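**Q** only geometry, no sequence info:
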């Protein structure tokens, strides 16, 4: 099994740079150009509607295309999922020990979260609880949210037969037990499969470079890179914080063509940061594993955890994540 | 003989046997290892690149730990006209198979296999990789 996985990895590795396939250019030059996603003009979109997605920690999954999913049946799905959750609880798979909670399911559509018109509108699933002991009109508490989305996923949706809906990216916030119940219901109902989406250090460094290039206001927080040092008896993490203006100034000297990023530019940017660190601390960060990137735009962890911090760049970040999800599915 | 970088210390020159094959190991989880290999390549005599050099990429079992961009490695293989081999050291089966491959290559490079020279074998490997 390990051998098979290795061969699979070699195949994936030889397919070229991480971000660049979304534009369908398989015959890419080795340097791999990518157009920076411009913040989608949101005249119709109300940033308030997607504000609840910000500043929350989302765990990422890739999802294979859903069979016979219909946007018109969202209320039915909510009802069926609710019944499934109740049944699971009956079976004794209690999600909260001791407290008997009444779980209410809401499934809705988020039409603003898409890249191109071919993209399927995002679908949001929310689980709220209301303790049966309290009065009927008492507040419901949101215990879990998860949403499926597809931003500029043309590469996948173009190659998929009828009856299949492409929503390759799934983000979950809340207890893992709820995630697995909701996940199993979707897998059973739509014949799809969920898989945790990890982010490699290579992809994280792309994110660091891309997000540093985005315009942010003066009060922006520092850019932070966290590295994990391998092969030590006790785990050691190194945190490298850079003033956002310094980082942007560095990136501006590296990036040649506005709106485009190449692998070389990302390498030069990261190498500058590494050599600066080496000059001061005599540590080669390039021999460690980059595990987390935090910028004013968003923060990403290699275990596949993301936090969105700016609504104007939400679709841009989703586009990158969609691409990662698609490459994991294929 | 194992070394962390080149050039080899000159004090041992007179004791060192002839070098038939150089395998440069690049850990895909460490960008530093790629930089180290690139720097060491400059110290290798040009005659070695006629089939007596290969690149061994390790750590390929986990794509999600990848810190090195594959294109850079392919380019290295192309520029130095040497084959690129992949392996995962953590898996015994693959480790053993890779060791056997390297041993075979070494036998050819040392001239122990009649009829096959290091140069002809090297170009054979390169042509099959291109397909």
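**A** The structure has been received and is ready for your questions. Quantities reported herein were computed from a predicted structural model and do not represent experimental measurements. Numbers count the residues shown, from 1 in each chain, chains lettered A, B, ... in the order given.
**Q** For residue A:267, give me phi and psi.
**A** phi -60, psi -50 (degrees, to the nearest 10).
**Q** what about residue 90, how many residues close to it?
**A** All of this is about chain A. Using other CB atoms under 10 Å in any protein chain shown, residue A:90 has 9 neighbouring residues. Every C-beta, even on glycine, is put in place using the N, C-alpha and C of the backbone.
**Q** Oops, wrong one, chain B.
**A** That count, for residue B:90 with other CB under 10 Å as the rule, works out to 13.
**Q** Give me the secondary structure label for it.
**A** coil (DSSP: H, G, I helix; E, B strand; the rest coil).
**Q** where's the nearest residue to it once chain neighbours are set aside relative to residue B:93, distance?
**A** With CB to CB, 6 or more residues apart in numbering or on different chains as the criterion, residue B:90 has its nearest non-adjacent residue at 6.4 Å, and that residue is residue B:61. Applying CB to CB, to the nearest Å, the value for residue B:61 to residue B:93 is 11 Å.
**Q** ok, the two, which is more surrounded?
**A** Counted by other CB under 10 Å, residue B:61 and residue B:93 do not tie: residue B:61 has more neighbours, with 22 against 11.
**Q** Pretty sure the more buried one sits against residue B:88.
**A** Yes. Under the criterion of CB atoms under 8 Å, residue B:61 makes contact with residue B:88 at 3.7 Å.
**Q** before we move on, could you check phi and psi at the residue nearest to residue B:90?
**A** With angles defined as degrees, to the nearest 10, residue B:61 sits at phi -70, psi -30.
**Q** who does the worst-scoring helix or strand of chain B on mean pLDDT touch, helix- and strand-wise?
**A** When the helices and strands of chain B are scored by mean pLDDT, DSSP states H and E, helix B:118-130 comes last with a mean of 75. The contact analysis (3 or more CB pairs under 8 Å, 6 or more residues apart in numbering or on different chains; DSSP states H and E) places helix B:118-130 against helix B:92-109.
**Q** ok, now with 10 Å
**A** Contacts defined by 3 or more CB pairs under 10 Å, 6 or more residues apart in numbering or on different chains; DSSP states H and E place helix B:118-130 against strand B:53-58, helix B:70-79, strand B:84-87, helix B:92-109.
**Q** Just put those in CSV and tack on distance to chain A and mean pLDDT.
**A** Output for these, formatted as CSV (distance: least, CB to the nearest CB, whole Å; pLDDT from 0 to 100):
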stretch, distance to chain A, mean pLDDT
strand B:53-58, 9, 93
helix B:70-79, 4, 89
strand B:84-87, 5, 90
helix B:92-109, 6, 91
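**Q** Ok, which of those comes nearest residue A:279?
**A** Minimum separation from residue A:279 across the helices and strands packed on helix B:118-130 (CB to CB) falls at helix B:70-79, 23.7 Å.
**Q** Report the buried residues of the closest one.
**A** By 16 or more other CB atoms under 10 Å in any protein chain shown, the buried positions in helix B:70-79 come out as B:70, B:71, B:72, B:73, B:74, B:76, B:77.
**Q** Nearest residue to the last one in space, please, no chain neighbours.
**A** Looking back up the chat, that one is residue B:77. Excluding its sequence neighbours, the residue lying closest to residue B:77 (CB to CB, 6+ apart) is residue B:84, at 4.2 Å.
**Q** hang on, isn't residue A:174 packed against residue A:182?
**A** Yes. With contacts counted by CB atoms under 10 Å, residue A:174 reaches residue A:182, the gap being 9.4 Å.
**Q** quick one, which of those two is more surrounded?
**A** Set residue A:174 next to residue A:182 and count neighbours by other CB under 10 Å: residue A:182 wins out with 23 against 19.
**Q** What pLDDT does the model give the more buried one?
**A** Per-residue pLDDT puts residue A:182 at 95.
**Q** Quick check: it is in a helix.
**A** Yes. Secondary structure of residue A:182 (three-state DSSP): part of a helix.
**Q** Any figure for the gap between it and chain B?
**A** Residue A:182 sits 24 Å away from chain B, going by CB to the nearest CB, to the nearest Å.
**Q** where's that residue relative to residue A:232, distance?
**A** Per CB to CB, residue A:182 is found 38 Å from residue A:232.
**Q** and if you look at residue A:293?
**A** In this view, residue A:293 and residue A:232 are 22 Å apart by CB to CB.
**Q** Between these two, which is the more surrounded one?
**A** Using other CB under 10 Å, the more surrounded residue of residue A:293 and residue A:232 is residue A:293, with 26 against 8.
**Q** what about the closest residue to residue B:83 other than its chain neighbours, how many neighbours?
**A** Of all residues not flanking residue B:83 in the chain, residue B:125 sits nearest, at 4.1 Å (CB to CB, 6+ apart). Residue B:125 sits with 18 neighbouring residues when counted by other CB under 10 Å.
**Q** Tabulate the helices and strands packed on helix B:118-130 in CSV, adding columns for distance to residue B:4.
**A** Output for the helices and strands packed on helix B:118-130, formatted as CSV (distance: least, CB to CB, whole Å):
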stretch, distance to residue B:4
strand B:53-58, 14
helix B:70-79, 18
strand B:84-87, 19
helix B:92-109, 18
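**Q** Contacts only, for the residue nearest to residue B:83.
**A** B:51, B:54, B:77, B:82, B:83, B:84, B:85, B:105 (CB atoms under 10 Å, 6 or more residues apart in numbering or on different chains).
**Q** And the strands in the stretch 201-330 of chain A?
**A** Assigned by DSSP state E, counting those that start in this stretch, the strands in the stretch 201-330 of chain A fall at A:223-229, A:236-242, A:260-261, A:289-294, A:298-301, A:305-308.
**Q** Now mean pLDDT too, for those strands, in a markdown table please.
**A** Output for the strands of the stretch 201-330 of chain A, formatted as a markdown table (pLDDT from 0 to 100):
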| stretch | mean pLDDT |
| --- | --- |
| strand A:223-229 | 94 |
| strand A:236-242 | 94 |
| strand A:260-261 | 83 |
| strand A:289-294 | 95 |
| strand A:298-301 | 96 |
| strand A:305-308 | 96 |
